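Chemist: this one's structure only:
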């Protein structure tokens, strides 16, 4: 049944008059080539899979292989937003205002579709054409004869060529039907843009697709990108579908996109500031240069946030670390245009879920992981020791891979936004308890002393630092006052006596001739294995613990015994022998110490 174009013209004349008052419509768009997206949208709605643009000196022809126009389509494309008045410029229908952007390039667009051939005069009046165009591969053809003089036509042609040279294959990422765009010109190489769906999975109401996009010229690939596309197909709060897409590298890991405009099937001019791409049937201004503030868009962002969280659960299973570079977790960044909804949902996700990898291979909530300020702690303190120090049996070190990931915003997000517990050298000093480490092997103390050798502020005299951990007991944040010195008998003691000056332990490397004497007197000698390690020994020397001599032994161990009158004769004669040796072999300074 043929279409009655005269009736459509009569109806539109009653609604819009002569149509000349609609001339403002082609001026809504700053970018005069915007109409290309409207042609693509028409093809997408017609379920076309292949489209072709042919740019000539005085015209543009657009071909697609979708279904042909029917009367309803003719009425719609000649309308100004279905069911709206001409002066309501905020409405965009299936064709409506958006299609009127073609009038910035032509006075009367022609459409040849199946058996229908017509042009549209004055925006809203379809006129049947006697001339017919057809192509066996493309049943629908749009012809836009450029308006203006020869110079203006040339400028329009060049602008179109530049548009397609800058056209991104990403622009068709969120389309369901179009898979191929061909652009032919008389002067430049043929451009071919292709979209390939490599794999699709469905999990409940989430569709996951792996997509390849290529941009080629003369069969030579200029660029290629791969994406993981997630689509929420049965949204709880809206009847429309929303999608997000993550750019992935050759290994399949997600990476941040450099530019991320909002998509309403095609890119808008509004930047989302996200590291992934977002698509939804947003309400936009007629020129698609801003998102409207409305309840529909708010609901769409709620759906997008839901989809982001569901996609996180899927991606994390294979790409635990890489996913963070794609998340909206930038501290002090102002998320707007609805992305604040996404940010808040993502923050809550990371704040409540068991998603944080630990250094012992588990996943915990943020409240059960600890961020060490010093990587040495990973090797120095086991999970059990950390728990004992902090009096918390549920905590773990956060994964070393997370801590050292080369993505600065993640550390700021962990510390500033999620308030992760941190563990600093000052915390270690404040919470050190020798009972936790008394059974450690000498190798552990060698490593401990090597680390202390780089932390002078924690053991130098009168050093007190603030501890960030909260504890019922606020210990001194100085190792100088803790039992950290490993002795030859395997016990631990403080470096100095209560006066913080008198040594409480002595080196054992230069006491070979007196070693048996010192040991028999229970003298505090530092473990020989410590003194054999250069850096550990360096710490002992820097701390100020000296080599012992017989005078030290007499002062600290022998003379105090004589406060007790029950010293045996055997011990008395041995002690007198040591005293004679001192008086014979030592100088006046050492002798004066005994007076």
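Modeler: Perfect, I can see it now. Since we're looking at a predicted model, the values are computed, not measured.
Chemist: where along the stretch 451-595 of the chain do the strands fall?
Modeler: 485-486, 492-493 (DSSP state E, counting those that start in this stretch).
Chemist: Could you say which of those strands is packed most deeply?
Modeler: Compared across the strands of the stretch 451-595 of the chain, strand 485-486 shows the largest average neighbour count, a mean of 26 (mean count of other Cβ atoms under 10 Å). In short, each C-beta sits where N, CA and C put it, glycine included.
Chemist: from the chain's centre, how far out does that strand sit?
Modeler: A distance of 45 Å separates the centroid of the chain from that of strand 485-486, by Cα atoms, centre = their mean, to the nearest Å.
Chemist: State the mean pLDDT of it.
Modeler: Average pLDDT, strand 485-486: 96.
Chemist: helix, strand or coil for the nearest residue to residue 338 once chain neighbours are set aside?
Modeler: Closest residue in space to residue 338, ignoring its immediate chain neighbours: residue 301 at 3.9 Å, by Cβ to Cβ, 6 or more residues apart in numbering. Judged by DSSP: H, G, I helix; E, B strand; the rest coil, the three-state class of residue 301 is helix.
Chemist: what comes up buried for stretch 433-441?
Modeler: 436, 437 (16 or more other Cβ atoms under 10 Å).
Chemist: give me the low-pLDDT residue ranges for the stretch 151-300 of the chain?
Modeler: 187-188, 234-240 (pLDDT under 70).
Chemist: all strands of it, in order?
Modeler: Assigned strands in the stretch 151-300 of the chain, in chain order: 180-185, 191-203, 206-217, 220-232, 242-248, 254-255, 261-264, 266-271, 277-279 (criterion: DSSP E, counting those that start in this stretch).
Chemist: helices or strands next to the last one in the packing?
Modeler: Same thing as strand 277-279. Strand 277-279 is packed against strand 242-248, strand 261-264, with contacts defined by 3 or more Cβ pairs under 8 Å, 6 or more residues apart in numbering; DSSP states H and E.
Chemist: Now tabulate the strands of the stretch 451-595 of the chain in CSV and tack on distance to residue 540.
Modeler: Formatted as CSV, the strands of the stretch 451-595 of the chain follow (distance: least, Cβ to Cβ, whole Å):
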stretch, distance to residue 540
strand 485-486, 8
strand 492-493, 13
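Chemist: Now do the SS call for the residue nearest the centre of the chain.
Modeler: Ranked by distance to the mean C-alpha position of the chain (Cα atoms, centre = their mean), the top residue is residue 325 at 2.4 Å. Put simply, residue 325 is helix when judged by three-state DSSP.
Chemist: Would you confirm that it contacts residue 319?
Modeler: No. Contact between residue 325 and residue 319 fails when scored by Cβ atoms under 8 Å: they sit 9.9 Å apart.
Chemist: Common neighbours of the two, please.
Modeler: residue 254 (Cβ atoms under 8 Å, 6 or more residues apart in numbering).
Chemist: can you tell which of the strands of the stretch 151-300 of the chain is closest to residue 16?
Modeler: Residue 16 lies closest, by Cβ to Cβ, to one member of those: strand 261-264, at 26.2 Å.
Chemist: name the helices or strands packed onto that closest one?
Modeler: Contact analysis of strand 261-264 by 3+ Cβ pairs under 8 Å, 6+ apart lists strand 266-271, strand 277-279 as its packing neighbours.
Chemist: I'd like these as a markdown table, with distance to residue 166 and mean neighbour count appended.
Modeler: Formatted as a markdown table, the helices and strands packed on strand 261-264 follow (distance: least, Cβ to Cβ, whole Å; neighbours: other Cβ atoms under 10 Å):
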| stretch | distance to residue 166 | mean neighbour count |
| --- | --- | --- |
| strand 266-271 | 12 | 18 |
| strand 277-279 | 18 | 24 |
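Chemist: quick revisit: using TSV, lay out the strands of the stretch 151-300 of the chain together with distance to residue 120.
Modeler: TSV is the format used below for those (distance: least, Cβ to Cβ, whole Å):
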stretch	distance to residue 120
strand 180-185	24
strand 191-203	28
strand 206-217	32
strand 220-232	35
strand 242-248	33
strand 254-255	45
strand 261-264	24
strand 266-271	22
strand 277-279	30
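Chemist: Out of those strands, which is closest to residue 14?
Modeler: Among the strands of the stretch 151-300 of the chain, strand 261-264 sits nearest to residue 14 (Cβ to Cβ), with 31.8 Å.
Chemist: Leaving out chain neighbours, which residue sits closest to residue 410?
Modeler: That would be residue 324: by Cβ to Cβ, 6+ apart, it lies 4.9 Å from residue 410.
Chemist: What is the burial count for that neighbour?
Modeler: Residue 324: 21 surrounding residues under other Cβ atoms under 10 Å.
Chemist: same thing with residue 175?
Modeler: Applying other Cβ under 10 Å, we find 19 residues neighbouring residue 175.
Chemist: Contacts only, for it.
Modeler: Applying Cβ under 8 Å, 6+ apart, the residues near residue 175 are 40, 44, 195, 265.
Chemist: and with 6 Å instead?
Modeler: residue 44 (Cβ atoms under 6 Å, 6 or more residues apart in numbering).
Chemist: Can you pull the phi/psi pair for it?
Modeler: phi -80, psi 140 (degrees, to the nearest 10).
Chemist: ok, now how distant is it from residue 52?
Modeler: 16 Å (Cβ to Cβ, to the nearest Å).
Chemist: can you check residue 17 too?
Modeler: 37 Å.
Chemist: Same check on residue 429?
Modeler: Counting by Cβ to Cβ, the separation of residue 429 from residue 52 is 73 Å.
Chemist: same deal with residue 585?
Modeler: Taken as Cβ to Cβ, the span from residue 585 to residue 52 is 106 Å.
Chemist: Looking at these two, which is more packed in?
Modeler: residue 52 (20 against 10).
Chemist: For my notes, confirm that one occurs in a helix.
Modeler: No. Using three-state DSSP, the secondary structure at residue 52 is strand, not a helix.
Chemist: How about it: which residues does it bridge to?
Modeler: Counting by DSSP bridges, residue 52 is bridged to residue 63, residue 182.
Chemist: Pretty sure residue 63 is one of the things it touches, is it not?
Modeler: Yes. Counting by Cβ atoms under 6 Å, residue 52 touches residue 63, with 4.2 Å between them.
Chemist: ok so, going back, which stretch among the strands of the stretch 451-595 of the chain comes nearest residue 396?
Modeler: Nearest of those to residue 396, taken as Cβ to Cβ: strand 492-493 at 26.7 Å.
Chemist: Relative to that closest one, what are the paired strands and their orientations?
Modeler: Pairing partners of strand 492-493, with direction, according to DSSP bridges: strand 485-486 (antiparallel).
Chemist: And for the strand it pairs with, what's in contact with it?
Modeler: 445, 493, 495, 505, 527, 530.
Chemist: Show me which of these is closest to residue 288.
Modeler: Relative to residue 288, the closest of the contacts of strand 485-486 is residue 445; by Cβ to Cβ it sits at 67.7 Å.
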